[in-house]
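> Can you look at this prediction? I've put the sequence above it.
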Number of protein chains: 2
Amino acid sequence: MRARLSDIAQQAEVSEATVSRVLNDRPGVAPETRQAVLTALDVLGYERPARLRKRSAGLVGLVVPELENPIFPAFAQVIESTLAQSGFTPVLCTQTAGGVTEDEYVEMLLDRQVSGIVFVSGLHADTAANHDRYRALIGRPLPIVMINGYAPGIAAPFVSCDDREAAELAVAHLVALGHRRIGLITGPDRFVPVQRKVAGWRAAMTRLSGLPAAELDSLAELTLFGVEGGEAAAGRLLERGVTGLVCGSDLMALGAIRAARQRGLSVPADLSVVGYDDSPLMAFTEPPLTTMRQPVAAMAVAAVRALVDEINGHAAPHSEYSFRPELVVRGSTAVAGATAGADRPGRQQPAPPAVVVPA
Amino acid sequence: MRARLSDIAQQAEVSEATVSRVLNDRPGVAPETRQAVLTALDVLGYERPARLRKRSAGLVGLVVPELENPIFPAFAQVIESTLAQSGFTPVLCTQTAGGVTEDEYVEMLLDRQVSGIVFVSGLHADTAANHDRYRALIGRPLPIVMINGYAPGIAAPFVSCDDREAAELAVAHLVALGHRRIGLITGPDRFVPVQRKVAGWRAAMTRLSGLPAAELDSLAELTLFGVEGGEAAAGRLLERGVTGLVCGSDLMALGAIRAARQRGLSVPADLSVVGYDDSPLMAFTEPPLTTMRQPVAAMAVAAVRALVDEINGHAAPHSEYSFRPELVVRGSTAVAGATAGADRPGRQQPAPPAVVVPA
DNA sequence: GGGAATCCTGAAAGTTCTTGCCAACCGGCG
DNA sequence: CGCCGGTTGGCAAGAACTTTCAGGATTCCC
């Protein structure tokens, strides 16, 4: 049996009339009385009308694919604090293997009446996915913003790091160190950022490495994201004689370093590795990872600003904001052909400060 | 003016009686008619009662303090997938500096009618916080489970890693390597896990190190969580001649290693460092970090199982489930007095497999 | 200290919603 | 064709909720 007004009135020691006033958010009730009624409401498990729920507006969904790659917690953290500064309450939704899918999360967020949704590396980055889901959201209308990925025909702001440029800069860095056989390790081909990195790598290799185009195909390994994928792919590429590797994520780069070590090779003396993301802790790895930094904070601020503008009715430009990656030179890249242990006696001494080379 | 039953009946082209039947979820209404009424409800913006909202049940809040320390994403990921397997939809809430507080998140979760809440390292671990908030939740009643922290007088299941044991094992490991002046670096004193680590460290030091009790006080540094806190504290302890350090988190351990390097010391030759958590990527750090592993998966499963039991009305024991930490020996600890570069020529070769020493 | 204005509250009157009953309608089936 | 089960509308009684109105408390001003 559901609680009735009379029950609540009894619990709060007021009259039914007062309870009714509180429930309908009408004036003429003292704040303490109002609070007492609300408390009684909760005690008896009475369902509050929506208007009494604080900030039911101001909720923003944040959908990220996973938390294992530290770049995603990093994005989540920055976006959340930026949203909070704008007065919105973030609701973080992360997919898990065999768990809740992006669509299910979106449905839940719609039920919860969110004001907008930020997608980080979601299905919008997957060319094999149907993007009608996003058009449906925009049509409701519900403001959405996409980070790292692009799909044509979706009238929403896109915020991306320039993957193509990142791959080109990584290749250029390795070429400048004397490398020529430079492999690429990244994720499955259906993802937009992967395609862009492949394009950038291929363009830079064609321009700078002097390798014949036919040979390039054998130096690109598209594998699973994560340490293990990088490890497996690096193993295959090392057999093809690469001395430099451009990786699509820092985790893949760590996997590649592990693969090299397992073959008795030293990084960076025998193999130079460039990561991608500059996710947290990469300065503490062995060796400290040279990587392409995504400007996470700037991207988060841009995404939140665009979303807030849309929420407030000021349509943001529905184009792609492209952010420049920075090359962060640490210890995983070195001049090609340097011998292990010669002038690099391990990294026992204080690590040299990272050199940041803006694009 | 709010929509009335008669308006909805008109919109759906049915009678008021039918609308009333649908609203109260009573039998005797054809599925198509029911759907038509629900549609009319949404068209007119009538607020549906909770029971008609899709999957409003099955939502579980997951409150974590931050995402910067990788142990928290790790917990979140495992708990989320465990919850998903039990048919619950996790809602992850992370606090951010200057952003949403734990209480605000809890209030939002209550509004969203969650079935339960999991707190990871929340205010329940803070002895300076008022724990009435948790008693109020339990009184609603709402099932809650706490991870890593304990507060007496809260009738909820607690799931913790045995901090005291972890600190003792870490000290024992360092003592076995010949260290005697072993410092402790951990967070502010008001947190339960900190107090327990201090107690464990003190007990083990008294038993094993031979140092006078009076001297111990100067070897414990309570500082801020995070890399910078560890760095600062390690600097102070190095001046007091420690050769081994037990740290309250992996991030602090990384900070401690950085502090040692900045003073020209080598880890582990001049200073051995033990972390805590075995958060992801710690096998890739320089040097690979010796650390006390929290059994994250086991703890998550236990916490979720307890919560699901409570949600289903089978009260779980309201005591503390204490999980044993494991010592994971990697490269940041070595025999005391070993000279830099002598028998440890850097870690250029494949890292030896980590040795896991269960408690 | 008194009086008036204001705010808050409860009783009662008024409105909306729920429920039970029954008849009407519809389609399937013997 | 007529029976039958399921569905729906009409109606009315009554329950639940809202609003009105007047009384009581508080405060402020003189």
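Right, received. Where do you want to start? As the structure is a prediction and not an experimental result, all values here were calculated from the model. Numbers count the residues shown, from 1 in each chain, chains lettered A, B, ... in the order given.
> thought residue A:177 was touching residue A:274?
No: Residue A:177 lies out of contact with residue A:274 (C-beta atoms under 8 Å); the separation is 10.2 Å. C-beta here means a position set from N, CA and C on the backbone, and glycine is covered the same way.
> hey, where'd the helices end up in the stretch 251-359 of chain A?
All helices of the stretch 251-359 of chain A, identified by DSSP state H, counting those that start in this stretch, fall at A:296-311.
> ranges for the strands of it?
Secondary structure of the stretch 251-359 of chain A (DSSP state E, counting those that start in this stretch): strands at A:272-277, A:290-293, A:320-323, A:326-329, A:355-358.
> check whether the longest one contacts chain B.
Which is strand A:272-277. No: figure legend: strand A:272-277 not in contact with chain B (C-beta under 8 Å from any C-beta of the partner chain); closest approach 11.2 Å.
> contact partners of that strand?
Under the criterion C-beta atoms under 8 Å, 6 or more residues apart in numbering or on different chains, residues A:69, A:71, A:166, A:170, A:173-174, A:177, A:179, A:197, A:243-250, A:252-254, A:256-257, A:260, A:267, A:282, A:289-294, A:325, A:332-334, A:336 lie in contact with strand A:272-277.
> Contacting DNA strand D as well, which ones from those?
Counting by C-beta under 7 Å from any atom of the strand, nothing from the contacts of strand A:272-277 sits close to DNA strand D.
> of the residues you listed, list those near chain B.
Of the contacts of strand A:272-277, the ones that also sit near chain B (C-beta under 8 Å from any C-beta) are A:254, A:257.
> Residue A:327 reaches residue A:171, doesn't it?
No: using C-beta under 8 Å, residue A:327 is not in contact with residue A:171; the gap is 10.8 Å.
> In this structure residue A:157 contacts residue A:316, no?
Yes: checked against C-beta under 8 Å, the pair residue A:157 and residue A:316 is within contact range at 4.7 Å.
> Please identify which of residue A:327 and residue A:171 sits among more neighbours.
Neighbours were counted for residue A:327 and for residue A:171 using other C-beta atoms under 10 Å in any protein chain shown; residue A:171 has more, 26 against 22.
> Looking at that one now. What's its pLDDT?
If you check residue A:171, the pLDDT there is 97.
> Below-threshold pLDDT in the stretch 201-350 of chain A: ranges please.
Residues of the stretch 201-350 of chain A that meet the criterion pLDDT under 70 lie in A:338-350.
> what about 80?
A:316, A:337-350 (pLDDT under 80).
> Those residues of it touching DNA strand C, which are they?
The stretch 201-350 of chain A has no residues near DNA strand C, with proximity defined as C-beta under 7 Å from any atom of the strand.
> and chain A, which residues reach DNA strand D?
Taking C-beta under 7 Å from any atom of the strand, the part of chain A that reaches DNA strand D is made up of A:4, A:5, A:6, A:16, A:17, A:19, A:20, A:21, A:23, A:24, A:26.
> Just confirm residue A:252 contacts residue A:237, I think it does.
No: judged on C-beta under 8 Å, residue A:252 makes no contact with residue A:237 at a distance of 11.5 Å.
> Quick check: neighbours shared by the two?
Contacts common to residue A:252 and residue A:237, judged by C-beta under 8 Å, 6+ apart, are residue A:185.
> residues near the closest residue to residue A:163 other than its chain neighbours, how many?
Counting by C-beta to C-beta, 6 or more residues apart in numbering or on different chains, residue A:163 lies nearest to residue A:196, which is 3.8 Å off, once chain neighbours are set aside. As a burial measure, residue A:196 scores 21 neighbours (other C-beta under 10 Å).
> mind checking pLDDT for residue A:196?
Confidence for residue A:196, expressed as pLDDT, is 97.
> helix, strand or coil for it?
helix (DSSP: H, G, I helix; E, B strand; the rest coil).
> who touches it in this structure?
A:162, A:163, A:164, A:167.
> so what's the third one closest to, chain neighbours aside?
Excluding its sequence neighbours, the residue lying closest to residue A:164 (C-beta to C-beta, 6+ apart) is residue A:200, at 3.6 Å.
> Can you say which helix or strand has that neighbour in it?
helix A:192-208 (DSSP states H and E).
> Pull the distance from that helix to the chain's centre.
Distance of helix A:192-208 from the chain centroid (C-alpha atoms, centre = their mean, to the nearest Å) equals 21 Å.
> again, but for stretch A:81-97
Computed by C-alpha atoms, centre = their mean, the chain-centroid distance of stretch A:81-97 equals 12 Å.
> and if you look at stretch A:232-248?
That offset, for stretch A:232-248, works out to 25 Å (C-alpha atoms, centre = their mean).
> Flag every buried residue along that stretch.
Going by neighbour count (16 or more other C-beta atoms under 10 Å in any protein chain shown), the buried part of stretch A:232-248 is A:232-235, A:237-238, A:242-248.
> Sort out which one of these lies nearest DNA strand D for me.
residue A:248 (55.4 Å; C-beta to the nearest atom of the strand).
> ok, back up a step: which ones among the buried residues of stretch A:232-248 are found in helices?
A:232, A:233, A:234, A:235, A:237, A:238 (DSSP state H).
> how about these in CSV, adding distance to residue B:150?
CSV is the format used below for those (distance: C-beta to C-beta, whole Å):
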residue, distance to residue B:150
A:232, 43
A:233, 45
A:234, 45
A:235, 46
A:237, 50
A:238, 50
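> Looking at these, which is nearest residue A:137?
residue A:233 (35.2 Å; C-beta to C-beta).
> how about the closest residue to residue A:48 other than its chain neighbours, phi and psi?
Nearest residue to residue A:48, sequence neighbours excluded (C-beta to C-beta, 6+ apart): residue A:41, at 6.1 Å. Main-chain torsions, residue A:41, degrees, to the nearest 10: phi -50, psi -50.
> residues contacting residue A:41?
Residue A:41 neighbours (C-beta under 8 Å, 6+ apart): A:8, A:23, A:48.
> which one is the second one nearest to, not counting chain neighbours?
Okay, so that is residue A:23. residue A:49 (6.3 Å).
> how about the residues of the stretch 101-250 of chain A near chain B?
Checking the stretch 101-250 of chain A against chain B by C-beta under 8 Å from any C-beta, the hits are A:104, A:105, A:107, A:108, A:111, A:112.
> Which one of those is nearest to DNA strand C?
residue A:111 (21.0 Å).
> Need the per-residue pLDDT for that closest one.
Residue A:111 carries a pLDDT value of 72.
> got any ranges where the stretch 51-200 of chain A has weak pLDDT?
In the stretch 51-200 of chain A (pLDDT under 80), the answer is A:51-58, A:87, A:96-100, A:108, A:111-113.
> ranges for the helices of it?
With DSSP H, counting those that start in this stretch as the criterion, the stretch 51-200 of chain A has helices spanning A:71-85, A:102-111, A:132-139, A:163-176, A:192-208.
> Would you mind saying which of those lies nearest residue A:96?
Between residue A:96 and those, the tightest spacing by C-beta to C-beta is seen for helix A:102-111, at 10.8 Å.
> Would you mind getting the angle between that closest one and helix B:71-85?
If you take axes from the mean of the first three to the mean of the last three C-alpha atoms, to 10 degrees, helix A:102-111 sits at 90 degrees to helix B:71-85.
> For residue A:205, give me its contacts.
Residue A:205 is in contact with A:171, A:182, A:211, A:216, A:219, counting by C-beta under 8 Å, 6+ apart.
> Having no further points to raise, I will conclude here.
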